Each structure stands twice: as structure tokens, then as C-alpha cells.
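Participant: coordinates only, sequence not included:
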């Protein structure tokens, strides 16, 4: 299992520029929120807010404020590069309601 510090170091060493926070919607389709590498520290510390009502069947507008928190044990670099040649990585994430 990785620590937050090990993940941040690996992202820097592998020149990862895009992080994909992946989750599965209610229909079983993989979705993701992409963030730049410089937001990973914040994501690990406090999560990334997103609007759950924007994902069909996921949350009603009244309860749509949600937080994605990366699970560091799922960190992996992706075996392809983005269109501009930068490395990408992904985490499977946990979703929490913003309270």
C-alpha cells in the first residue's frame, strides 16, 4: 500500500501530469474526474468537490454536493500517454456526501 507521500513522489518521478479519479455510476459505467498533478495534494488531503447531479441517476439536485477522495492503494500509472505526450495516472475513489 502507498502512503500519500509515496504517491506524490511517484507522480513527480514518473512525470504524471493528469490524474483521473475513477468511479462507477449506477449503471456500472466507469466515469472519472480529471485533475492536474498540482491538485493531487489537495485531493489526498480533503478530496475534490463535484456535482453528483451531473451524473445520471447518481444524486438528486438537493443532495448533489459530493466529494471524491482518492484511495491511495489503487494508484496506478496508465500505460498510455495523453494527446500531448504527458503521462497519466488513476485512482479508484470513494465518494462522500458533502455535509
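Facilitator: Received it, and whenever you're ready, just let me know what you need. From a predicted model like this one, the values you see are computed outputs, not experimental measurements. Residues are numbered from 1 along each chain as shown.
Participant: Let me see the contact set for the residue most central in space within the chain.
Facilitator: In the chain, the centroid-proximal residue (Cα atoms, centre = their mean) is residue 21; its distance is 1.8 Å. When contacts are counted by Cβ atoms under 8 Å, 6 or more residues apart in numbering, residue 21 touches 32, 33, 34, 35, 43, 48, 68, 70, 90, 91, 93. Placement of C-beta: from N, CA and C, glycine included.
Participant: longest helix anywhere in this structure?
Facilitator: helix 4-13 (DSSP state H).
Participant: Report the separation between residue 6 and residue 92.
Facilitator: Here residue 6 is placed at a distance of 17 Å from residue 92 (Cβ to Cβ, to the nearest Å).
Participant: between these two, who's got more neighbours?
Facilitator: residue 92 (17 against 12; other Cβ atoms under 10 Å).
Participant: Contacts only, for residue 88.
Facilitator: Contacts of residue 88 by Cβ under 8 Å, 6+ apart are 16, 17, 18, 19, 20, 77, 78, 80, 81, 82.
Participant: Looking at it now. What's its pLDDT?
Facilitator: Note on residue 88: pLDDT of 94.
Participant: Could you give the bridge partners of it?
Facilitator: residue 18 (DSSP bridges).
Participant: Distance-wise, check it relative to residue 78.
Facilitator: In terms of Cβ to Cβ, residue 88 sits 5 Å off from residue 78.
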